[in-house]
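>>> got a sequence here, can you model it:
(2 chains)
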Number of protein chains: 2
Amino acid sequence: MAIGVKAVPFSLVAHVLAIAGVVMVLVWNIHFRGGLAWESSNKSLIFNIHPVLILIGLIIIGGEAIMSYKSLPLKKEVKKLIHLVLHAIALILGIIGVYAAFKYHNESSIANLYSLHSWLGIGIIVLYGIQWIYGFLVFFYPGGTSAIRNESLPWHALFGLLVFVLAVGNAALGFLEKLTFLENSGLVKFGPEAFLVNFTALVTILYGGFVVLTVLSQAPAEDEYSYASI
Amino acid sequence: MAIGVKAVPFSLVAHVLAIAGVVMVLVWNIHFRGGLAWESSNKSLIFNIHPVLILIGLIIIGGEAIMSYKSLPLKKEVKKLIHLVLHAIALILGIIGVYAAFKYHNESSIANLYSLHSWLGIGIIVLYGIQWIYGFLVFFYPGGTSAIRNESLPWHALFGLLVFVLAVGNAALGFLEKLTFLENSGLVKFGPEAFLVNFTALVTILYGGFVVLTVLSQAPAEDEYSYASI
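Numbering: from 1, shown residues only, chains lettered A, B, ... in the order given. You can find the predicted model right below:
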């Protein structure tokens, strides 16, 4: 389903949406929700680490990792290194972000793992980790035979994109779930914070859409090793 | 990003998941939520029309419409007719389903259009309608020039798939939102109804994944007019 247009303009839109998303999630959690803390008697500050690290790490840095093959006019080996390092950072921040949610629940006596968001989140982190390890072993070190690489590459790209889309969808679930809790506790439904959270979710979804469009489009012309064939 | 495997096995898994989804959403709304009604003093029965019509109509029939080109060994013109008729049914059921949510809100004095789910839902219905009208005019009647058709086809397929993925994601948001409301009103978090709703959402997401895999795979060999080239 590759489309015959250039990837770089799509990736530029994605970068702008990424910056907007980072600013919005920080404004929400620092200005409206009181800030971030790993240890605090105000347990909500522990929770606040969760959306910040998941959005900036797993989603945005993960999306940049995905786009690196299509947005950068560099040699294949350099792009591969950028791809795997960015995904490692995304995965580590994602794991810390998930841990923060459990830590908040445990210290606040809230049940774990009852919601669709939590179930999908665990599944996505596990799939993300499997995908990273498989990619590292087959495409980086020690590296599979050329037959295994050729056979694996389209599945690696497709499976990775499915996990990314699931992560974006699950971020939207998380924004909606948290905002619903806040609105049940009295937050105004049409107030500034509610709009900020909903628009952060929309920016996240648009970012996901432009990452997908970037992947389906054509890599920069300078690049001799494009993914265009898959 | 086409993958070199046959589409039919993926579409068969999707059909099974579709049947499971239909059964699950009906059991939830009829057995657990008290049934469906267009007029009732029990306004919840009006709401129940919403998830039933959206899941069965917009998502499941819409997904079958998308897969028809890849799952049926028929002539192109027959498949095109099936495709556009199924999408028309999906869209009409979707519009009635959206209307039921507004009707429930209005008769229960609940605010409209404050949640991410509602915003995305309106956007998706509008995009779905635009996509259907464009497809009808260009590919069916009166039909565009062959240059316009060839230029439009990959974008029609890509845009349609993006709208479908958004619809699946928004269904997950809807299940989570409704279940969160019910749990805030006392529904047991790890009880049978909560599990049923969460698993219905998971089945919906899996259905969406298998529809996407079907689209990216190869149409039946009997078909001389496959989408494989896009």
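>>> alpha carbons only for contacts and neighbour counts from here, please
Fine.
>>> enumerate the residues of chain A near chain B.
A:1-3, A:114-117, A:154-155, A:158, A:162, A:169, A:172-173, A:176-177, A:180, A:184, A:189-190, A:198, A:201, A:209, A:216, A:229-230 (CA under 8 Å from any CA of the partner chain).
>>> show me where chain A has helices.
Secondary structure of chain A by DSSP state H: the helices cover A:7-26, A:44-53, A:62-71, A:76-107, A:116-135, A:146-184, A:192-216.
>>> any idea of the mean pLDDT in the fifth one?
What that stands for is helix A:116-135. Averaging pLDDT along helix A:116-135 yields 98.
>>> quick one: contacts of that helix?
A:84, A:87-88, A:91, A:94-95, A:98, A:112-113, A:156, A:159-160, A:163, A:166-167, A:170, A:173-174, B:176, B:198, B:201 (CA atoms under 8 Å, 6 or more residues apart in numbering or on different chains).
>>> middle-most residue in chain A, spatially?
In chain A, the centroid-proximal residue (CA atoms, centre = their mean) is A:Ile59; its distance is 1.2 Å.
>>> so it sits against A:Phe164, correct?
Yes - using CA atoms under 8 Å, A:Ile59 is in contact with A:Phe164, at 7.3 Å.
>>> my guess is A:Ser11 contacts A:Gly209. True?
No - look at A:Ser11 against A:Gly209 with CA under 8 Å: they stay out of range, at 10.4 Å.
>>> and these two? Which one has more around it.
Neighbour comparison, A:Ser11 and A:Gly209: the larger count goes to A:Ser11, with 26 against 17 (by other CA atoms under 10 Å in any protein chain shown).
>>> what stretches of chain A score poorly on pLDDT?
A:221-230 (pLDDT under 70).
>>> how close does A:Ile60 sit to A:His83?
Distance, A:Ile60 to A:His83, using CA to CA, to the nearest Å: 13 Å.
>>> okay, these two: which has more neighbours?
Neighbours were counted for A:Ile60 and for A:His83 using other CA under 10 Å; A:Ile60 has more, 28 against 20.
>>> please give me every residue in contact with the more buried one.
A:Ile60 makes contacts with A:18, A:90, as judged by CA under 8 Å, 6+ apart.
>>> now A:Leu213
A:Leu213 neighbours (CA under 8 Å, 6+ apart): A:7, A:10.
>>> tell me the phi and psi of A:Thr145?
phi -60, psi 160 (degrees, to the nearest 10).
>>> out of the helices of chain A, deepest packed?
Among the helices of chain A, helix A:62-71 has the highest mean neighbour count (mean count of other CA atoms under 10 Å in any protein chain shown), at a mean of 26.
>>> can you give me the angle it makes with helix A:7-26?
160 degrees (axes from the mean of the first three to the mean of the last three CA atoms, to 10 degrees).
>>> which other residues reach helix A:62-71?
When contacts are defined by CA under 8 Å, 6+ apart, helix A:62-71 is touched by residues A:7-8, A:11, A:15, A:76, A:79-80, A:82-84, A:86-87, A:90-91, A:161, A:164, A:208, A:211, A:214-215, A:217-220, A:226-227.
>>> again, but for stretch A:162-169
The contact list for stretch A:162-169 (CA under 8 Å, 6+ apart) reads A:58-59, A:62-63, A:121, A:124, A:127-128, A:204-205, A:208, B:169, B:209.
>>> out of those, flag the one nearest to B:Gly35.
Distance to B:Gly35, by CA to CA, is smallest for B:Gly169 among the contacts of stretch A:162-169, at 24.9 Å.
>>> check the gap between the closest one and A:Ala171 for me.
When B:Gly169 is compared with A:Ala171 (using CA to CA), they lie 11 Å apart.
>>> what's the answer for A:Ile59, then?
Distance, A:Ile59 to A:Ala171, using CA to CA: 8 Å.
>>> do A:Asn198 as well
Following CA to CA, the distance that separates A:Asn198 from A:Ala171 is 11 Å.
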